[in-house]
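Colleague: Quick one, fold the following:
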Amino acid sequence: MKKILLTLFSLTLWGCQSIDQLSIDYLLPAEMSFPNQLRRVAVVNNVPDSVPSLQGQFTDLADMNTRSLYHKTQYLAGDAKATTESLAQALADGDYFDTVIICDSALYTPGKEETTLTTDEVNTLTHQLGADFLVSLENIQMRVETKAQPNVYLALFVGNTDVKVAPTVRIYIPDQKPRTAITKIDSIFWEGYGEEINEAIHDLPNQRRIVREASQYAGEFIAKSFVPYWETANRFYFPNGSVAMRDAAVAVHEDNWQEAVRLWESSYNGTKSAKRKMYAAYNLALGCEMQEKIEEAIDWATKAQQYAMQVRQAEVAQLAGIYLQQLNQRKQSFASVKMQMRRFEEDF
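Modeller: Residues are numbered from 1 along each chain as shown. Predicted coordinates:
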């Protein structure tokens, strides 16, 4: 499995022990799983010219910031063509389906009472496009909130535009009933600055740019519902404490996790100090995770937390507790990832 490793600098001192950070990429499962025979997908634009409002999907909260001098909220229809293209590109970039076809011209027929595609329409479209199934954009709406207020620390006015964008997508498979529509909401924002409030507002993007970029973003994030995707996360390890620990840190920099684990095991087994065992156990959890041995990683992180509580190292106990949560989340998703990636007949 792909991993991207970036070792940074020493972050904090834990007594005489420092802690280093690195970042990893790991695969998360899509929300939906598809049978192996569904390998060619067509992304289509089925958004009406006059789209039904999704205003009820958004939560409007009262402005509790009394310093806000400018506050405006708008509800806008997104750019369906831009979202369709972005969604198709994200699915193609995921390298999960054999073929991704795009039909970004609007399919919806004016005057048609029902926006959902009929079985005949689905069968015709999949045949014409050479697809096994359709991912259809049915709606794209956004809530645009713009504020401007003074910032005493910057001695400037700061404006910000926060957009909650809500695309609705439906799956169509030939000769089957339409799947339940999926609506997701995510946010994108911009900031502007100025010596006067109007300058800060004018430094923000105009409505045309907001709609275009938010619509493109909508296609990117809703694609995660259909294809496994990579997540970047921070991890930590302890590089000092013994010769073996320092040598293991060198192995980490060289991306040699097998050697790092061997050295951490040597350090763990070669000491009676609970504190040193704590550091080595925490590092062994990371080494096991990097080798996709999630169950072993959980065992080592649990030991690290237990040793930390034994020697009253509250910071390390808290760090190990957070890491255990992350590892358990990976454990829960790991089976789904393996199932979804079986179509490639690779060991994930």
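Colleague: how about the helices of this structure, start to end?
Modeller: 80-93, 119-129, 197-202, 207-222, 243-253, 257-269, 274-290, 294-310, 314-340 (DSSP state H).
Colleague: how is the protein carved up into domains?
Modeller: Following automatic domain parsing, one finds the domains of the chain at 40-227, 236-344.
Colleague: picking that back up, which stretch among the helices of the chain comes nearest T168?
Modeller: helix 207-222 (8.9 Å; C-beta to C-beta). For glycine as for every other residue, the C-beta is placed from the backbone atoms N, C-alpha and C.
Colleague: circling back to that earlier point, got JSON lines for the helices of the chain, with mean neighbour count too?
Modeller: Listed next are the helices of the chain as JSON lines, based on neighbours: other C-beta atoms under 10 Å:
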{"stretch": "helix 80-93", "mean neighbour count": "22"}
{"stretch": "helix 119-129", "mean neighbour count": "15"}
{"stretch": "helix 197-202", "mean neighbour count": "17"}
{"stretch": "helix 207-222", "mean neighbour count": "20"}
{"stretch": "helix 243-253", "mean neighbour count": "18"}
{"stretch": "helix 257-269", "mean neighbour count": "20"}
{"stretch": "helix 274-290", "mean neighbour count": "24"}
{"stretch": "helix 294-310", "mean neighbour count": "20"}
{"stretch": "helix 314-340", "mean neighbour count": "16"}
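Colleague: Pairing partners for the longest strand along the chain, with directions?
Modeller: In the chain, taking DSSP state E as the definition, the longest strand is strand 133-151. Applying DSSP bridges, strand 133-151 is found paired with strand 40-45 (parallel), strand 70-77 (antiparallel), strand 156-172 (antiparallel).
Colleague: How much space separates P29 from A233?
Modeller: For P29, the distance to A233 equals 15 Å [C-beta to C-beta, to the nearest Å].
Colleague: how close does the nearest residue to Y229 once chain neighbours are set aside get to T99?
Modeller: Counting by C-beta to C-beta, 6 or more residues apart in numbering, the nearest residue to Y229 once its immediate chain neighbours are dropped is L28, at 5.8 Å. For L28, the distance to T99 equals 23 Å [C-beta to C-beta].
Colleague: In terms of packing, which of those two has more residues around it?
Modeller: More crowded of L28 and T99, by other C-beta atoms under 10 Å: L28, with 16 against 13.
Colleague: so F157 touches H202, yeah?
Modeller: No. Using C-beta atoms under 8 Å, F157 makes no contact with H202, being 10.8 Å away.
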